[in-house]
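Peer 1: can you look at this prediction? I've put the sequence above it.
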Amino acid sequence: DYWQVRHEACEILGKHGEAAAPHLGAVAERLADAVYFVRAAACEALGKHGEAAAPHLAAVAKCLSDRQTDYDGEDLGRHVRAAACEALGKHGEVAEPHLGGVATLLQDSDTDVRKAAYKALKRHFEARGQAVAAAV
């Protein structure tokens, strides 16, 4: 399995701005990858691509419910949920339909996911001159 290559490809495409736009569909396909590390990298990459990534935000929002665990029951999906929150938080109004899902993660069992959800909502609502507490 070449998950490292898929992961690296997502990271590289996340760094190349408009030049990577034609390849965002391929990045979005990685949101369903079997490896959580790749799914998280795909969320992060799409979070860096503004309007060009808008068609893929519903797929990013599905990652908010990632609950993959390893053989010991460790929550690996927490990395994906946090990355999805961060990505959606960077997309302004176009991500609004998905903010309810982000808000539910304010109650997540993982501290990093809760922080990512809060930061995403804060970024979104402060850009509109609102406080997060008033909005949630």
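Peer 2: Done, it's in.

Peer 1: what residue is smack in the middle of this structure?
Peer 2: The structure's the chain has its C-alpha centroid closest to residue 84; by Cα atoms, centre = their mean the separation is 1.6 Å.

Peer 1: surely that one touches residue 63?
Peer 2: Yes - with contacts counted by Cβ atoms under 8 Å, residue 84 reaches residue 63, the gap being 3.8 Å. Quick note: C-beta positions are derived from backbone N, CA and C, even for glycine.

Peer 1: can you list residues touching both of the two?
Peer 2: Residues touching both residue 84 and residue 63 (Cβ atoms under 8 Å, 6 or more residues apart in numbering): residue 43.

Peer 1: ok so, going back, and the residue nearest to the centre of the chain, how far from residue 110?
Peer 2: 13 Å (Cβ to Cβ, to the nearest Å).

Peer 1: mind listing the shared neighbours of the two?
Peer 2: Counting by Cβ under 8 Å, 6+ apart, nothing touches both residue 84 and residue 110.

Peer 1: what about residue 58, neighbour count?
Peer 2: Residue 58 sits with 12 neighbouring residues when counted by other Cβ atoms under 10 Å.

Peer 1: dump the residue contacts of it.
Peer 2: 97-98.

Peer 1: what's the spacing between it and residue 32?
Peer 2: 13 Å.

Peer 1: picking up where we left off before, the residue nearest to the centre of the chain belongs to a helix?
Peer 2: Yes - applying DSSP: H, G, I helix; E, B strand; the rest coil, one finds residue 84 inside a helix.

Peer 1: which intervals of this protein have sub-threshold pLDDT?
Peer 2: Applying pLDDT under 70 to the chain flags the ranges 1, 130-136.
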